[in-house]
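*Asks:* Task: produce atomic coordinates for the following.
(chains A, B, C and D)
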Protein chains: 2
Amino acid sequence: MPREEREAQLVVAGTEEFGRAGYAGASMVEIARRVGVTKPLLYQYFGSKDGLYLACLHRAGDRLTEGVATTMAAGGEPEQMPLKVLAAIFTTFDHDRYAWRLLRDATVPATGDIAAAAADYRRRLDAFAVLGATQLLTSRGLADPVDIEAVAQVWTGVVDSLISWWIDRPDEDAAAMAARCARIMGGLFGW
Amino acid sequence: MPREEREAQLVVAGTEEFGRAGYAGASMVEIARRVGVTKPLLYQYFGSKDGLYLACLHRAGDRLTEGVATTMAAGGEPEQMPLKVLAAIFTTFDHDRYAWRLLRDATVPATGDIAAAAADYRRRLDAFAVLGATQLLTSRGLADPVDIEAVAQVWTGVVDSLISWWIDRPDEDAAAMAARCARIMGGLFGW
DNA sequence: TGATGGTAACTTACCCAAGGGTCACTTTAC
DNA sequence: GTAAAGTGACCCTTGGGTAAGTTACCATCA
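*Replies:* Numbering: from 1, shown residues only, chains lettered A, B, ... in the order given. Model prediction:
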């Protein structure tokens, strides 16, 4: 099998394993086993556990920030943005649901390349979240910047828990997930 | 120092370290070092890493389920329950903010005593969340049980992210945190 | 009162399995 | 024949876990 194709397989398997068990809990030999190869090949292609994690992280982070940026750039009513962003995330990661977790893994080493890259992706996503929260809160007369930060962080937590819930329900596809969120938000908040 | 007192110190240090780094990422020697003792004493008192984790988990889980149960039992408007529960959680864990994370640590081994105990606490808390979500959604004409489950899980995710945010702001006390949540929910949802 | 023995707190130094990482080698395709 | 895909067997550090011993305190008793 050509290197490029094998690497893609390994990144997919790594994303699932890192997403499931976290960086600290994931095992390189287990990731290799999933693909049907052995550990030395994994090291030949990615150099180290950090190298593989970074490859997984960049793939996930780039796709995610791109999708969110496109959606946010399109604009619209502040109340509609959360749903639009959710729909974009669900569509992008329908077959790769663990990817989101890589950006929010608490078990990566506190310093080093991984921490820096993950912090950078989180920073970019947080900026979008803060932008959305600002639009939403100011339209309702709430201007405290600390409130806005809190709402932005809760928003990422909501995405997090929706994706965790989704991972446990593989039969629910992206469209059904988006429809469910729309129905719930409409009912609960009148949005 | 008497055993009882030392054990309490170690449970506090363990809760912080497990909460910060997760079960897989936490180190027993680091936990002992925080308290100023060495690893063998930790093992003499708790037997194993699992034993220490279970001690931390039970302390956190018991206090949490008790506080939530008391609050839910008091009853009230469905729209007011989330705020009341949040206020109870903030008050209970004002000086022990990492405790919540032990119930939701993804890096614990998938089987064994810890997994069973954590699943049990989560099950009890989920039951409260489902109860609250049912009251809230049925009052708005949403009766799909799958929607209710999703809302319940998102609710726990909201608590999770609020606590993470709070951990990063040690100057904000429980009362300020509750007031902030009340202000935001009032502004965003009109609750 | 002071020697004595026992117990609980605590440490140094070690064992061992797991897992990240490497080397030398074999197979396969062009 | 050579270059790339791939492997078996190994090294070594990390970290969970333990054995054996030391200190400090306190109750007891000539």
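
*Asks:* can you list the residues of chain A near chain B?
*Replies:* Within chain A, the positions lying close to chain B (C-beta under 8 Å from any C-beta of the partner chain) are A:20-22, A:24-25, A:106-107, A:136-137, A:140-142, A:144, A:146-147, A:149-151, A:153-154, A:156-158, A:160-162, A:164-165, A:180, A:183-184, A:187-189. Just so you know, the C-beta spots here come from the backbone N, C-alpha and C atoms, and that holds for glycine as well.

*Asks:* Mind doing that once more with 6 Å?
*Replies:* Contacts of chain A with chain B, taken as C-beta under 6 Å from any C-beta of the partner chain, map to A:22, A:24-25, A:106-107, A:140, A:142, A:147, A:150, A:153-154, A:157-158, A:160-161, A:165, A:184, A:187, A:189.

*Asks:* For residue A:185, which residues are in contact?
*Replies:* For residue A:185, the residues meeting the contact criterion (C-beta atoms under 6 Å, 6 or more residues apart in numbering or on different chains) are residue A:191.

*Asks:* typo on my end, residue A:25
*Replies:* Neighbour list for residue A:25: B:24, B:107 [criterion: C-beta under 6 Å, 6+ apart].

*Asks:* buried ones in stretch A:100-120?
*Replies:* By neighbour count on 16 or more other C-beta atoms under 10 Å in any protein chain shown, the buried set for stretch A:100-120 is A:100, A:101, A:102, A:103, A:104, A:105, A:106, A:107, A:108, A:114, A:117, A:118.

*Asks:* could those be laid out in a markdown table, adding pLDDT, distance to DNA strand C and secondary structure?
*Replies:* Supplementary listing: the buried residues of stretch A:100-120 in a markdown table, determined by pLDDT from 0 to 100; distance: C-beta to the nearest atom of the strand, whole Å; DSSP: H, G, I helix; E, B strand; the rest coil:
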| residue | pLDDT | distance to DNA strand C | secondary structure |
| --- | --- | --- | --- |
| A:100 | 95 | 22 | helix |
| A:101 | 95 | 17 | helix |
| A:102 | 96 | 15 | helix |
| A:103 | 95 | 20 | coil |
| A:104 | 92 | 20 | coil |
| A:105 | 91 | 14 | coil |
| A:106 | 88 | 17 | coil |
| A:107 | 88 | 11 | coil |
| A:108 | 92 | 13 | coil |
| A:114 | 96 | 11 | helix |
| A:117 | 97 | 16 | helix |
| A:118 | 97 | 17 | helix |
